[in-house]
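> what shape does this take:
(one chain, ligands or ions: 2)
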Amino acid sequence: MSSVLIRYHEIALKKGNRPYFVDLLRRNLVSAVEGLSLTESKNLQGRILLSFGDGTNREEISRRLQRVFGVANFSFVERVPLDLTVLRERIVQALDGRHFASFRVETQRGDKNFPLTSPEINRQLGGAVKEKSGARVDLNHAELTICVEILPRDAFFGFDRIPGPGGLPVGASGRVVALISGGFDSPVAAYRMMQRGCRLIFVHFHSVPYLDKTSQEKVRELVKFLTRHQFASRLYLVPFGEIQRQIVAGVLRPLRVVLYRRMMLRIAEAIAKKERAQALITGESLAQVASQTLENLAVIEQAATLPVLRPLVGMDKQEIIDQARRIGTFETSAVPDQDCCQLFVPRHPATKSKIADVEEAESRLDVAALTQLGFEKAEIEEFRFPA
Ligand code: ATP
Ligand code: MG
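Ligands and ions are numbered 1, 2, ... in the order given. As a prediction, the model looks like this:
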């Protein structure tokens, strides 16, 4: 049997709600390791313990846990009775076959009633390890770190501390609707909000049959990928071509992109209301393209009543691309496609649209009917991880 001890930090700060957040994290961990023969999950003091049946695949468990937001780090551990002699023997035994020139013991005492302090425990265990291995103690650059946890009922030890992604458990901050396009930015924006504890509902606008289906296929791929962090996702595919056609028929070129964006926000907001989501997320970054000047961002967001959150607003394109590589969305986003916003628009759209001009242009359209059209015609797809 193997066990994993999971450590978190940020949720520990949320005093009143702490038990709720910890339990949410525990449930997310359970979802993450579905199909890997989990036998038990429980909250210990400031830690979560997962136990697995025989024949578990450590690499896969580790890969999955590294994606769970809220996890600071984790260790594969052995459980030992609360007795220093037994602990010492078991550690020395477990070192069989391991070669290392330097080590340190790092004890954390969740049970303050234990008769020895952490430094005393480190010293006693360290002495035994040194004797057995001949390795030297190195507090700063140890080749092997032996983590020991003293909890009220049991002690645990392990040899590695694998970093998690940090952040907050998905669901802790509520539900939001993410506008996802298939480009580089929106999947990174989605990831960053998930890391802040949001559960995402995805919305994609496509212009089939005016454009091909590539953007939809990319978005499916991206949502599938991001679902590994929230375990279940819903994607709304909104046919936008007819709406664009009507905008084009009534509105001069320079304002079209801003009008497209405002329609997207209205439709996304209708979906958000149905889904009880509290905000809209976009991948906009200040001044990255003409539609993202301060003037245009202001005019665009006036179409929504919910807050429009833009987690990338202050990031450079290169920083965004670097993060896309780190989180694994780069390859899919790099596939060439045609975004619906490029349909029927000029090379140089208005960079400083004025709300009066935009409202005047919209007065020639039936905005409510177009919003309803997008909302009603949306197709819904569900994603699960593991599939
Ligand atoms: P991205 O890389 O995310 O496509 P971008 O730099 O290409 O962003 P824009 O095309 O101006 O920027 O889009 C800005 C934001 O508007 C996107 O990040 C996304 O949140 C939203 N958006 C744009 N097009 C679509 C679409 N077809 N479906 C859903 N959301 C979209
Ligand atoms: Mg785009």
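> would you agree residue 48 falls within a strand?
Yes: going by DSSP: H, G, I helix; E, B strand; the rest coil, the assignment for residue 48 places it inside a strand.
> so the residue nearest to it when sequence neighbours are not counted, which of the three states?
Closest residue in space to residue 48, ignoring its immediate chain neighbours: residue 6 at 4.3 Å, by Cβ to Cβ, 6 or more residues apart in numbering. Just so you know, the C-beta spots here come from the backbone N, C-alpha and C atoms, and that holds for glycine as well. Three-state call for residue 6 (three-state DSSP): strand.
> OK, contacts around residue 6?
Applying Cβ atoms under 8 Å, 6 or more residues apart in numbering, one finds that residue 6 lies in contact with 25, 29, 47-50, 65, 71, 74, 164.
> please enumerate the helices of the chain.
Along the chain, counting by DSSP state H, helices occupy 18-32, 58-65, 84-94, 118-133, 185-195, 214-230, 241-250, 256-274, 294-301, 317-327, 330-334, 355-362, 367-377.
> and the shortest one, how far out from the chain middle?
For helix 330-334, the distance from its own C-alpha centre to the chain's C-alpha centre is 17 Å (Cα atoms, centre = their mean, to the nearest Å).
> close to ligand 2, is that helix?
No: using Cβ under 5 Å from the ion, helix 330-334 stays clear of ligand 2, with a minimum separation of 9.4 Å.
> up against ligand 2, what does the stretch 251-387 of the chain have?
Checking the stretch 251-387 of the chain against ligand 2 by Cβ under 5 Å from the ion, the hits are residue 339.
> spell out which parts of the stretch 251-387 of the chain neighbour ligand 1.
264, 282-284, 288-289, 291, 339-341 (Cβ under 6 Å from any ligand atom).
> buried subset of the residues you listed?
264, 282-284, 288, 291, 340-341 (16 or more other Cβ atoms under 10 Å).
> make a markdown table out of those and add distance to residue 54 and pLDDT.
Formatted as a markdown table, those follow (distance: Cβ to Cβ, whole Å; pLDDT from 0 to 100):
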| residue | distance to residue 54 | pLDDT |
| --- | --- | --- |
| 264 | 51 | 98 |
| 282 | 47 | 98 |
| 283 | 45 | 97 |
| 284 | 50 | 96 |
| 288 | 52 | 82 |
| 291 | 56 | 80 |
| 340 | 52 | 78 |
| 341 | 53 | 78 |
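> most widely separated two among these?
The most widely separated members of these, counting by Cβ to Cβ, are 288 and 340 (17.8 Å).
> just to revisit the earlier point, in a markdown table: the buried ones among the residues of the stretch 251-387 of the chain next to ligand 1, plus distance to residue 236.
A markdown table is the format used below for these (distance: Cβ to Cβ, whole Å):
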| residue | distance to residue 236 |
| --- | --- |
| 264 | 11 |
| 282 | 15 |
| 283 | 17 |
| 284 | 19 |
| 288 | 25 |
| 291 | 22 |
| 340 | 14 |
| 341 | 17 |
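> just the residues you listed: which are in strands?
Using DSSP state E, no member of those sits in strands.
> just the closest of these to ligand 2, please.
Distance to ligand 2, by Cβ to the ion, is smallest for residue 341 among those, at 6.4 Å.
> quick check: that closest one touching residue 258?
No: taking contacts as Cβ atoms under 8 Å, residue 341 lies outside contact range of residue 258: 10.2 Å.
> which residues are common contacts for those two?
residue 291.
> domains in this structure, by residue range?
Domain assignment for the chain by automatic domain parsing gives 3-163, 175-384.
> for the longest one, how far is the first residue from the last?
End-to-end distance of domain 175-384: 17 Å, with Cα to Cα, to the nearest Å as the criterion.
> isn't residue 86 right up against residue 80?
Yes: counting by Cβ under 8 Å, residue 80 is a contact partner of residue 86 at 5.7 Å.
> more crowded one of these two?
Taking neighbours as other Cβ atoms under 10 Å, residue 86 and residue 80 compare with residue 80 leading, 20 against 12.
> those residues of the stretch 1-150 of the chain touching ligand 1, which are they?
By Cβ under 6 Å from any ligand atom, no part of the stretch 1-150 of the chain sits against ligand 1.
> coming back round to it: who's the residue nearest to residue 48 bridged to?
Counting by DSSP bridges, residue 6 is bridged to residue 48, residue 74.
> how many residues are close by the residue of the stretch 51-200 of the chain at minimum distance from ligand 1?
Closest to ligand 1 within the stretch 51-200 of the chain is residue 183: 2.2 Å, counting by Cβ to the nearest ligand atom. Residue 183 is flanked by 20 other residues according to other Cβ under 10 Å.
> quick one: contacts for it?
Applying Cβ under 8 Å, 6+ apart, the residues near residue 183 are 283, 333, 339.
> make CSV out of those residues and add distance to residue 237.
Output for the contacts of residue 183, formatted as CSV (distance: Cβ to Cβ, whole Å):
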residue, distance to residue 237
283, 18
333, 18
339, 14
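> which member of the residues you listed is positioned nearest ligand 1?
Closest to ligand 1, out of all of the contacts of residue 183 and judged by Cβ to the nearest ligand atom, is residue 283, at 2.5 Å.
> that closest one is in contact with residue 182, isn't it?
No: applying Cβ under 8 Å, one finds residue 283 not in contact with residue 182, separated by 10.5 Å.
> and the spatially most distant residue from the centre of the chain, what's its pLDDT?
The centre of the chain is farthest from one residue, residue 131, which by Cα atoms, centre = their mean lies 44.3 Å away. Note on residue 131: pLDDT of 95.
> endpoints of stretch 303-311, how far apart?
Start and end residues of stretch 303-311 are separated by 19 Å (Cα to Cα).
> same thing with stretch 232-252?
Start to finish, the residues bounding stretch 232-252 are 41 Å apart (Cα to Cα).
> buried stuff in that stretch?
So, applying 16+ other Cβ under 10 Å, buried residues of stretch 232-252: 233-241, 243-244, 246-248, 251.
> swap in stretch 108-128?
Buried positions in stretch 108-128, judged by neighbour count with 16+ other Cβ under 10 Å: 108-109, 114, 121-122, 124-126, 128.
> I am finished for the moment; much appreciated.
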